[in-house]
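Novice: Here is the input, now give the coordinates:
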Amino acid sequence: MKAILKQVQEWQQEAKDDKVIVFTNFIGVIRLLGRVFQENSIEFLYFVGEMSAEQRRDAISTFKKVSDIKVLIMSLQCGSESLNITEANRLILVDPWFNRSVESQAIGRVYRIGQTKVTHAARILAKDTVDDRIYEMQQNKLSQMAGSLQEFHAEKGLGARALRRLLGDRWKANGDDNYGSDDETDFEFVVKDDDSEDGDYKD
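Specialist: So this is what the prediction gives:
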């Protein structure tokens, strides 16, 4: 949890008015993150599947409107579709998902038409766990797709930007045409590799 807390605090120091969405697959992690943020006086809300539809709507509305609430802890699958949350422009993926498109859809909640700020994203990987393997599988799949598209690229004359969109590096959500602008400088994605002190995450 230290790596996630550190990232949020660094972003708050960098841009105090920016809002952050933290995506994770596991309810246990969501609850633990809530305790960590509470202990460190970080205002946050939950958006998870066990909440009612009305509670989820209220959470999104409050997150958008209340300036003091800077963090939304969101279930990856629950929050990956049909939401427009451009009030946030920073996001953290706490654990990888087998289906890369689910992650792309989640990122598409903030990196979409209507976003007026540079979008920042960070991926947190648990060191020496299945997270590393899942991430490796994702990267291998993307590499295979890239190789398959090389010939297509040559035949069709596609540019680099078009290829990136096909590969998902522009984070276009499946079936969602509202991804961000064509400005090549408006999205930053990083995977950090520093070991955390407690060995539970590398951030």
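Novice: give me the number of residues near Glu10?
Specialist: 11 (other CB atoms under 10 Å). C-beta coordinates here come from the backbone N, C-alpha and C atoms, glycine included.
Novice: now it: how far from Phe26?
Specialist: Separation of Glu10 from Phe26 (CB to CB, to the nearest Å): 24 Å.
Novice: ok, Gly34 touching Ile42?
Specialist: No - look at Gly34 against Ile42 with CB atoms under 8 Å: they stay out of range, at 9.8 Å.
Novice: Show me the shaky parts of the protein.
Specialist: In the predicted model, the chain carries pLDDT under 70 at residues 79-81, 98-99, 126-203.
Novice: mind listing the strands for it?
Specialist: For the chain, applying DSSP state E gives strands covering 20-24, 44-47, 71-75, 90-93, 119-123, 187-191.
Novice: Output the contacting helices and strands for the third one.
Specialist: Packed against strand 71-75, as judged by 3 or more CB pairs under 8 Å, 6 or more residues apart in numbering; DSSP states H and E, are the following elements: strand 20-24, helix 27-39, strand 44-47, helix 53-65.
Novice: which ones are touching Thr24?
Specialist: Ile30, Leu33, Ile73, Met74, Ser75, Leu76, Val94, Asp95 (CB atoms under 8 Å, 6 or more residues apart in numbering).
Novice: among those, who's most crowded?
Specialist: Met74 (28 neighbours).
Novice: Run a quick neighbour tally on the nearest residue to that one once chain neighbours are set aside.
Specialist: Take Met74 and drop its neighbours on the chain: the residue closest to it by CB to CB, 6 or more residues apart in numbering is Phe47, 4.4 Å away. Number of residues near Phe47 (other CB under 10 Å) recorded here: 23.
Novice: Okay, Phe47 and Lys16: tell me how far apart.
Specialist: In this view, Phe47 and Lys16 are 22 Å apart by CB to CB.
Novice: residues contacting Glu103?
Specialist: By CB under 8 Å, 6+ apart, Glu103 lies in contact with Phe23, Leu76, Ser80, Leu93, Pro96, Trp97.
Novice: Need phi/psi at the second one.
Specialist: When read as degrees, to the nearest 10, the backbone of Leu76 gives phi -60, psi -50.
Novice: thought it was touching Asn25?
Specialist: Yes - at 5.0 Å, Leu76 counts as touching Asn25 under the criterion of CB under 8 Å.
Novice: Need the residues touching each of those two.
Specialist: Common contacts of Leu76 and Asn25, defined by CB under 8 Å, 6+ apart, comprise Asp95, Trp97.
Novice: Flag every buried residue along stretch 100-120.
Specialist: Buried residues in stretch 100-120, counting neighbours by 16 or more other CB atoms under 10 Å, are found at 100, 102-112, 115, 117-120.
Novice: do stretch 32-43 as well
Specialist: By 16+ other CB under 10 Å, the buried positions in stretch 32-43 come out as Leu33, Gly34, Val36, Phe37, Ile42.
Novice: Good, we can wrap up now.
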